[in-house]
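*Asks:* Build me a structure from this.
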Amino acid sequence: MIKYIIKRLLLGILVLFGVTVITFSITHLLPSDPARSWAGAKATEEQVEAARIELGLDRPVHEQFLKYLADLSHGDLGVSYTTRRPITTEMSEAIPATLELVFYAIFIGVLSGVVMGVLAAKYKNRLLDHLVRLFAIGSASIPSFVFAMVLQLIFFQKLHLLPLGGRLSTTASIFYTIPHITGWLTIDSLLVGNFALFKDALIHLILPAIPIAVYPAGTVARMTRSSLVEVLNEDYIMAARSYGMKEGKVLWKCALKNTVGTTATVTALSIGYTLVGTFLVESIFGWPGIGKFMSDSVTSLNYPAIMGATLFSTVAYLILNLIADIIVALDPRVRI
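*Replies:* Numbering: from 1, shown residues only. So this is what the prediction gives:
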């Protein structure tokens, strides 16, 4: 097991290095001038040249890359070209919002996926089963931002039930003191006992969380159904039924617990995909997370911010992938 984990860690470091090289190369090959962005639109040529020297852009590319790796080894992701603040500071403000959104999305997705998977397995080859499988296919083939825009059209434009976007309403932002404890508004508001703020934050979470939850819900439903269909044909399930155990108890207590490993693996991998899926969804809903930070950085050609957000997404995906691999390796039926 230890050798397996070390092997996966070394492979992850190799992948991270490859992503760093590719991202650095792309940002330095694009036809733009970061020095002019740093100096300002009205800067003279002398000021632009001074900015180029200040940023180290006058050095050869390989020297710039080695300096970036040296800074990266100390946790320094550089300075934003637009705000001139450290990238680590700006990302630390955006990451909690994304993690909060992803947590609720995964919770909704896994819970609904398990329920749909169990019902699909129970009513195999019947209408409900076909509908669940159709949903699973649609969740994997239709982008999350399409679901996001459809939900905005229905629940905000037509029904006026949920807010269009943002993390809080304007009223809550003005009249309530926003706590900064964990960075998760739903938790922070409960910690200070402000239930009105909690309600407002939770309402603003619903609409952006649902389109992000669609993919993990479909994936978990498909894998749960597949595992349950196989488990329900096992001898111990038939024995439980022969003893007169109710079908619901057979499904939820005997059969479902044997699909936990598969569900956990799929969930861990889905979180990585979900993090990437939040980028456009956060932009659509104006959610101040790492996805909106990334999209704003791309629009303004803020290369250090683009690289920082890319590396964060890569590290998060590698960690979740490692967790999924460990879960699989813990299964005694799997040889590694």
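*Asks:* distance of Arg85 from Val15?
*Replies:* 29 Å (CB to CB, to the nearest Å). (Each C-beta comes from the backbone N, C-alpha and C, glycine too.)
*Asks:* Pick out whichever of these two has more residues nearby.
*Replies:* Higher neighbour count among Arg85 and Val15: Val15, with 15 against 12, using other CB atoms under 10 Å.
*Asks:* pLDDT at the more buried one, what is it?
*Replies:* We note a pLDDT of 88 for Val15 in this prediction.
*Asks:* now do Val250
*Replies:* 76.
*Asks:* give the contact list for Gly12.
*Replies:* Leu318, Asn321, Leu322 (CB atoms under 8 Å, 6 or more residues apart in numbering).
*Asks:* The last one contacts Tyr4, doesn't it?
*Replies:* No. Applying CB atoms under 8 Å, one finds Leu322 not in contact with Tyr4, separated by 10.2 Å.
*Asks:* still on that earlier bit, so can I have CSV of the contacts of Gly12 showing pLDDT and neighbour count?
*Replies:* Formatted as CSV, the entries for the contacts of Gly12 read as follows, by pLDDT from 0 to 100; neighbours: other CB atoms under 10 Å:
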residue, pLDDT, neighbour count
Leu318, 84, 19
Asn321, 77, 18
Leu322, 80, 16
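*Asks:* buried set for stretch 285-297?
*Replies:* Across stretch 285-297, burial judged by 16 or more other CB atoms under 10 Å covers Phe285, Trp287, Pro288, Gly289, Ile290, Gly291, Lys292, Phe293, Met294, Ser295, Asp296, Ser297.
*Asks:* my bad, should have said stretch 317-327
*Replies:* Those would be Tyr317, Leu318, Leu320, Asn321, Leu322, Ile323, Ala324, Asp325, Ile327, for stretch 317-327 by 16+ other CB under 10 Å.
*Asks:* Could you point out which of those residues is nearest to Leu228?
*Replies:* Proximity of the buried residues of stretch 317-327 to Leu228 (CB to CB) peaks at Ile327, which lies at 18.4 Å.
*Asks:* I'd like the distance between the closest one and Phe285.
*Replies:* 32 Å.
*Asks:* and what of Arg85?
*Replies:* 24 Å.
*Asks:* Sketch out the strands for the stretch 51-200 of the chain, chain order is fine.
*Replies:* Assigned by DSSP state E, counting those that start in this stretch, the strands in the stretch 51-200 of the chain number zero.
*Asks:* quick one: pLDDT of Asp200?
*Replies:* Reported pLDDT for Asp200: 93.
*Asks:* Not counting residues beside it along the chain, what's closest to it?
*Replies:* Nearest non-adjacent residue to Asp200, counting by CB to CB, 6 or more residues apart in numbering: Ala172, 4.4 Å away.
*Asks:* Sweet, I'm off.
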